[in-house]
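> For reference, the sequence and a predicted model appear below.
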Amino acid sequence: MNAIEMSHVKKRLGDFSIQDLSFALPSGAICGLVGENGAGKSTTIRLLLGGITPDSGAIRLLGTDSTDDAFLSVKEEVGVVLDDACFPETINASQLGNVMQRTYPRWDAAQYAAFLERFELPAKKPISKFSRGMRMKLSLSAALSHHARLLLLDEATAGLDPIVRDEILDLLLEFARDEGHTVLLSSHILSDLEKVCDYIAFLSHGRLLLYEDKDQLLETYALFTGTAEQADSLMEEAVVGRENQPYGGVRCLVRRDMVPPTLDLQRPTVEDVILFLVKGAKDTCAR
Amino acid sequence: MRALILKDFYVVGKQARAFFLLLLVFTCLPGSFYNTFAIFYATMLPYTVMAYDERSKWDHLAPLLPYSPGEIVGSKYVLGYLSCLAAAALSLILRLALGSFLHQMPAQLVASTAAALGTGFCILAITLPLMFRFGVERGRLVMFFMIVLVCASAGVLGTIFFSAGELPPSSSLALPSALLLLGGLAVSILSIPLSIGIYRRRLARGN
């Protein structure tokens, strides 16, 4: 079963629009949603949860259509973490637990208390006194304490130091160990996505430019570093992106199956693939 | 909706202390109109909560959680009604206790409190859809304008029909008070679906 299905979803928001967005994320997978600022990552997450109504297209979460009356109860099985905690600042973690207990029928107070303890979050201190890292940990604690099957995170690791980011990523991996659990995670930090994701979705200007299995993606593409003449000798279709090196020579992202097997290639990172795609290096670099 | 109401009460917790203090001061002041101020002040609590919600971005998160638009909107009405009722009840009890000191008849007090409660319900019913439409910042201006208008109208009418500083006889207050209370409830019946519709359109527009 697919945990998330978006089919030809369109939404216009002033000058910006989500254009014909379609993808399906299988249950048990972790998907990284990548894109520049304003690409539509947050809008996609809001569309998925009914925070914005689409102009057209269909959205299904955990097998239920977003227009269905039962969609509200499906949201009880979804954990949400936005780029800020977004909880009222005057309340404390203990009061937040009381509110969430009345929000989610399957709220697990013991689990929540265990998270607060694990993250060393004070129960009685107002959220306004929390650091950004503490807020994000609190947000994750709330999202993971009601036995959610799907976790949606929007820039949850942005602005956090590497240690806290690592803790959060470990928690995501822990969550995803259960094969019925699915995660959609938007982030600018591509190395984080590379560490945890099974799928990569790349949005640009409201369009989904790429949606692939991460391992497949890294198998499909390769990095070639050499002279301009060597690069010029490659088939035009084989070169996805090309950039000049500061000390001479060129670096290209190529389709592995379209270049001669004798060529010395390196395995790219997700960041390499995405950056070449974003920059549209193939079109902008003069040959 | 219980979760949202509980959240709102946690948020106004500190405001509630100031509210009760003001309520005490207003109630103990001699003069017929002061207890109505407490009820009008209570109508502002939902907007205080909405301002906190906007500041913390809770208004962005809430539609993503398992709350329906009806619950999100309805919780603000419930908070407003409960605050008004609490203000009216406390004010009435205190005024009755201080009745001999303030020289007011219980029947007059009940009628004037009911009138103030009805007016409070009307204020909520008229201003909450505006808050959902325009947001707290701009909606608040309309709210203050409404309160000034209501107070000024009450003052003018009072000056025309009754001698200054004295409540009219309870018999002449009973019917207008009952009508105001019923009117407040009737306007609310129209206001709630209107606010839910406005809120749904906001979700459709994506703001």
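In hand now; what should we look at?
> Compute the first-to-last residue distance for stretch A:100-112.
Across its full length, stretch A:100-112 reaches 10 Å end to end, with CA to CA, to the nearest Å as the criterion.
> So is it next to chain B?
Yes: judged by CB under 8 Å from any CB of the partner chain, stretch A:100-112 comes into contact with chain B through A:100, A:101, A:102, A:103, A:104. The way it works is simple: take the backbone N, C-alpha and C, and place the C-beta from them, glycine included.
> so what's the last one up against?
For residue A:104, the contacting residues are A:76, A:146, B:66, by CB atoms under 8 Å, 6 or more residues apart in numbering or on different chains.
> Can you classify the second one as helix, strand or coil?
When classified by DSSP: H, G, I helix; E, B strand; the rest coil, residue A:146 comes out as coil.
> same check, this time on residue A:223
When states are read from three-state DSSP, the local structure at residue A:223 comes out as strand.
> Verify the stated contact: it with residue A:265.
Yes: applying CB atoms under 8 Å as the test, residue A:223 and residue A:265 come out as touching, 6.5 Å apart.
> what's the closest non-adjacent residue to residue A:205?
Take residue A:205 and drop its neighbours on the chain: the residue closest to it by CB to CB, 6 or more residues apart in numbering or on different chains is residue A:39, 6.5 Å away.
> Quick check: the one you found vs residue A:83, distance?
Counting by CB to CB, to the nearest Å, the gap from residue A:39 to residue A:83 is 14 Å.
> likewise residue A:261?
Distance, residue A:261 to residue A:83, using CB to CB: 44 Å.
> Please spell out which residues along the lengthiest helix in chain B are buried.
When secondary structure is assigned using DSSP state H, the longest helix within chain B turns out to be helix B:170-205. Burial within helix B:170-205, assessed by neighbour count using 16 or more other CB atoms under 10 Å in any protein chain shown, is assigned to B:170, B:173-174, B:176-177, B:180-181, B:183-184, B:187-188, B:191-192, B:195-196, B:198-199, B:202-203.
> residues in the stretch 1-150 of chain A within reach of chain B, list them.
So far as CB under 8 Å from any CB goes, the stretch 1-150 of chain A lies against chain B at A:11, A:13, A:43, A:45-46, A:49-53, A:72-73, A:75-76, A:80, A:82, A:84, A:86-91, A:95, A:98-104, A:127.
> Tell me the residues of chain B that contact chain A?
Where proximity means CB under 8 Å from any CB, the interface of chain B facing chain A comprises B:2-3, B:6-7, B:10-11, B:13-14, B:52-53, B:55-58, B:60-61, B:63-68, B:200, B:203-206.
> Check whether the residue in the stretch 151-287 of chain A that chain B sits nearest to sits in a helix, strand or coil.
Among all residues of the stretch 151-287 of chain A, residue A:152 sits closest to chain B, at 8.1 Å; criterion: CB to the nearest CB. For residue A:152, the reduced secondary structure class is strand; criterion used: three-state DSSP.
> for residue A:22, same thing?
Following three-state DSSP, the label given to residue A:22 is strand.
> Now do the most centrally placed residue in chain B against residue B:148, distance only.
Among the residues of chain B, the smallest C-alpha distance to the mean C-alpha position (CA atoms, centre = their mean) belongs to residue B:43, namely 2.4 Å. With distances defined as CB to CB, the gap from residue B:43 to residue B:148 amounts to 13 Å.
> same thing with residue B:125?
To residue B:148, residue B:125 is 18 Å away according to CB to CB.
> Compare neighbour counts for those two and give me the winner.
When residue B:125 and residue B:148 are compared on other CB atoms under 10 Å in any protein chain shown, the one with more neighbours turns out to be residue B:125, at 24 against 10.
> Can you list the low-confidence ranges for chain B?
Low-confidence segments of chain B, defined by pLDDT under 70, span residues B:30-35, B:99-104, B:150, B:154-173, B:207.
> could you redo the last one with a cut-off of 50?
Judged by pLDDT under 50, chain B has its weakly predicted residues at B:164.
> how about the helices in the chain?
No chain specified, so I'll use chain A. Listed in chain order (using DSSP H), the helices of chain A are A:41-48, A:71-74, A:93-101, A:109-118, A:132-143, A:162-176, A:190-196, A:214-220, A:228-232, A:270-279, A:281-284.
> Hmm, no, I was thinking of chain B.
B:2-11, B:13-28, B:34-42, B:45-56, B:58-61, B:69-97, B:99-102, B:106-134, B:136-161, B:170-205.
> who wins for proximity to residue A:277 among those helices?
For residue A:277, the closest of those is helix B:58-61, at 29.5 Å, according to CB to CB.
> returning to what we had before: put the buried members of the residues of chain B next to chain A into a PyMOL selection.
A single PyMOL command suffices to select whichever of the residues of chain B next to chain A are buried according to 16+ other CB under 10 Å:
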select buried, chain B and resi 3+6+7+10+11+52+53+56+57+58+60+61+63+64+65+66+67+68+203+206
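> so residue B:7 sits right up against residue A:91, yeah?
Yes: taking contact to mean CB under 8 Å, the distance of 7.1 Å between residue B:7 and residue A:91 places them in contact.
> so what sits against both of these two?
residue A:99.
> Which residue is most remote from the mean position of chain A?
Outermost residue of chain A with respect to the C-alpha centroid, by CA atoms, centre = their mean, is residue A:229; its distance is 37.9 Å.
> Can you read off the pLDDT for that one?
Taken from the predicted model, the pLDDT recorded for residue A:229 is 86.
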